[in-house]
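In: Here is my input, please return the structure:
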Amino acid sequence: MHIVHGGVVEMKRNAHDQNEEQEGRLEVDSMTQEVDLKTQSMGGESDREQRKSNHGWKLVSDSGCSLLVPDGSDGLAGIDIDYAEVPFTISVDNTDYIDEPGIDIEKMLEHIANCRSGGRTSCPSPHAWLEAWGDAENVIAFTLSAALSGSYNSAIAARHMALEKNPGRNIAVINTCGAGGLPEQLTNIIYEGIHECDSFDAIVSAADKAVRETQVMFALGSLDNLIKAGRLNKLVGYAAHRFNISAIGVASPGGRIELRHKFRGMKKTYDKLIDTLRETGFAGGELVISHCMNEEGAEKLGHLIKAEWLDTDVSVVPASGLCSYYMGKDGLIITYHE
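Out: All right, here's what the predicted structure looks like:
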């Protein structure tokens, strides 16, 4: 498999109006979300076949959420499917680190460690989204949780701009309410819908449902960048740093980050993650582990999970620059479909 970042289908939610990354806090108010889908008539079988063969599809994500794509899926059922990603930017002092393939995460984290301000992040602009979508007629975009970032709002702005220019396009933006790698099952659902000639709205609804049924949890390798970025109370952060406290958290349905377990030392991380999987009702199936410079630890966790739940397919992937920025070296993000 390979990894891409992206998404599209308009969902009207109570998100912030700015396009740049918000310097929020760990506790973010849940956001009311509703899907507003423009239904289009499908016509007869000949019209369906024409749509299937002639109308290009594009899946796009920002670099805060990774879309896992099965190898050999391009051109499925004779349909032109393309993938793209739009990067966040991590700025440290006067240096911008573009979150795209080839980013030097180790250098970035070292730079941040020596910077008192800790740097800042910026989400993709509407222009970046438009550029990634190109002229594809069917677009589905996936964004990092709107409770943590302005990326969703930026993509929505881009959608309005694109539809003003060409109202006939199908463009949807899905707020994942999470971060890290999205299970491969999501892309399989999209492929199946296209193969069956389902309507654009039906495919988007199925994809959105799959996203809502995706659980996200994380183990922070360091709290330092969260403290410097103002996303963690300084007093709590000081105590965590002083007493070597680590944390396990989960993403709430509204996209907030909720801390579940706090403990001393990283040695307990694996046991606490297994406990959290039990608490969230994990029963096996596809699971993705994204890691920040910690492939060995991710592989170890994968073996422990498969020993506990035999019917589990674990994928281990490197975390993006943005996710690495917030969870720190050795951090892990685990995602799975309910």
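In: Now do the helices in the stretch 1-150 of the chain.
Out: Taking DSSP state H, counting those that start in this stretch, the helices of the stretch 1-150 of the chain run over residues 45-54, 105-113, 126-133.
In: Mean confidence (pLDDT) on the shortest one, please.
Out: Regarding helix 126-133, the rounded mean pLDDT is 98.
In: What is that helix packed up against?
Out: strand 57-61, strand 138-143, helix 151-165 (3 or more Cβ pairs under 8 Å, 6 or more residues apart in numbering; DSSP states H and E). Placement of C-beta: from N, CA and C, glycine included.
In: For Val216, give its distance to Trp309.
Out: According to Cβ to Cβ, to the nearest Å, Val216 stands 18 Å off from Trp309.
In: of the two, who's got more company?
Out: Between Val216 and Trp309, counted using other Cβ atoms under 10 Å, the more crowded position is Val216 (26 against 17).
In: Point to the residue nearest the middle of this structure.
Out: For the chain, the residue nearest the mean C-alpha position is Cys65 (1.9 Å; Cα atoms, centre = their mean).
In: Report the contact partners of it.
Out: The neighbourhood of Cys65, defined by Cβ atoms under 8 Å, 6 or more residues apart in numbering, consists of 5, 7, 142-144, 176, 178-182.
In: at 7 Å what do you get?
Out: Cys65 sits next to 5, 142-144, 176, 178-180, 182 when contact means Cβ atoms under 7 Å, 6 or more residues apart in numbering.
In: now the residues you listed as a markdown table including pLDDT?
Out: Formatted as a markdown table, the contacts of Cys65 follow (pLDDT from 0 to 100):
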| residue | pLDDT |
| --- | --- |
| His5 | 33 |
| Phe142 | 97 |
| Thr143 | 97 |
| Leu144 | 95 |
| Thr176 | 95 |
| Gly178 | 92 |
| Ala179 | 92 |
| Gly180 | 93 |
| Leu182 | 90 |
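In: Which ChimeraX command selects the buried ones in those?
Out: Here is the ChimeraX command that selects the buried residues among those (16 or more other Cβ atoms under 10 Å):
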select :5,142,143,144,176,178,179,180,182
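In: which one of the contacts of Cys65 is nearest Asp99?
Out: Ranked by distance to Asp99 (Cβ to Cβ), the contacts of Cys65 are led by His5 at 8.8 Å.
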